[in-house]
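K.L.:
requesting a structural model of the entry that follows:
(2 chains)
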Amino acid sequence: DAKTTQPNSMESNEEEPVHLPCNHSTISGTDYIHWYRQLPSQGPEYVIHGLTSNVNNRMASLAIAEDRKSSTLILHRATLRDAAVYYCILYGGATNKLIFGTGTLLAVQP
Amino acid sequence: SQTIHQWPATLVQPVGSPLSLECTVEGTSNPNLYWYRQAAGRGLQLLFYSVGIGQISSEVPQNLSASRPQDRQFILSSKKLLLSDSGFYLCAWSVQGGFIGDTIYFGEGSWLTVV
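P.N.:
Okay, here's the model as predicted:
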């Protein structure tokens, strides 16, 4: 299974943008890049996903490198409710499995 | 709209006792179904996934088993619990045969403490 690499933790201030990086140098041509986040004591929540082009939705933006070996999740204005573990996952291709790594713990300071 | 229900929400079981966690999905047909586990302070580990009734794939050798007796029902079981089975168990589903890389939706989880 293709793997991703994320920083263990990051900090941000409230109301400021946050850029969460993810490296996935072994990505295959059919793998989608998914982002989920998990708040304490809750199941993961879908954030965004993309294949090649940058994507935007009401929660975040996803910037995908041209060679697709890395991507960045962008939270435009962090709030205290955005404090969570963010997972970058490769999904699709030949498998039906969503394999989670260790993710990035985002702390948001008021 | 689709919903996923998982129960019980919390349980405390003695070592050596059996386990049954149940998950049902509503509002969709023939979903992919998944069981994940998260030990305290750890990431999510995929335990089982199913693409159809009676079709179960196991990701890790362990003390647990899964069954899918009906299209939208997924059950996680153990005959004899170990202390190491403690954790947060999550059921999830995705569209079967749908868009490759489709979103996975998670239930609210079940906290299991083995004592």
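K.L.:
let me see the contact set for B:Leu46.
P.N.:
Contacts for B:Leu46 (Cβ atoms under 8 Å, 6 or more residues apart in numbering or on different chains) come out as A:Lys97, A:Leu98, A:Ile99, A:Phe100, B:Tyr34, B:Trp35, B:Tyr36, B:Glu59, B:Val60. C-beta coordinates here come from the backbone N, C-alpha and C atoms, glycine included.
K.L.:
one more time with 6 Å, if that's ok
P.N.:
Contacts for B:Leu46 (Cβ atoms under 6 Å, 6 or more residues apart in numbering or on different chains) come out as A:Lys97, A:Ile99, B:Tyr36, B:Glu59.
K.L.:
who does it bridge with?
P.N.:
On the basis of DSSP bridges, B:Leu46 is bridged to B:Tyr36.
K.L.:
re earlier: for PyMOL, write the select line for the buried members of the contacts of B:Leu46.
P.N.:
The buried residues among the contacts of B:Leu46 can be selected in PyMOL (16 or more other Cβ atoms under 10 Å in any protein chain shown) with this line:
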select buried, (chain A and resi 97+99) or (chain B and resi 36)
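K.L.:
lowest mean pLDDT among the helices and strands, pick that one out for chain A.
P.N.:
Ranking every helix and strand in chain A by mean pLDDT, DSSP states H and E puts strand A:84-92 at the bottom, with a mean of 89.
K.L.:
which parts of it are buried?
P.N.:
Those would be A:Ala84, A:Val85, A:Tyr86, A:Tyr87, A:Cys88, A:Ile89, A:Leu90, A:Tyr91, A:Gly92, for strand A:84-92 by 16+ other Cβ under 10 Å.
K.L.:
next, format those residues as JSON lines and append distance to chain B.
P.N.:
Shown next, in JSON lines, are the buried residues of strand A:84-92 (distance: Cβ to the nearest Cβ, whole Å):
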{"residue": "A:Ala84", "distance to chain B": "13"}
{"residue": "A:Val85", "distance to chain B": "8"}
{"residue": "A:Tyr86", "distance to chain B": "12"}
{"residue": "A:Tyr87", "distance to chain B": "8"}
{"residue": "A:Cys88", "distance to chain B": "12"}
{"residue": "A:Ile89", "distance to chain B": "9"}
{"residue": "A:Leu90", "distance to chain B": "9"}
{"residue": "A:Tyr91", "distance to chain B": "5"}
{"residue": "A:Gly92", "distance to chain B": "3"}
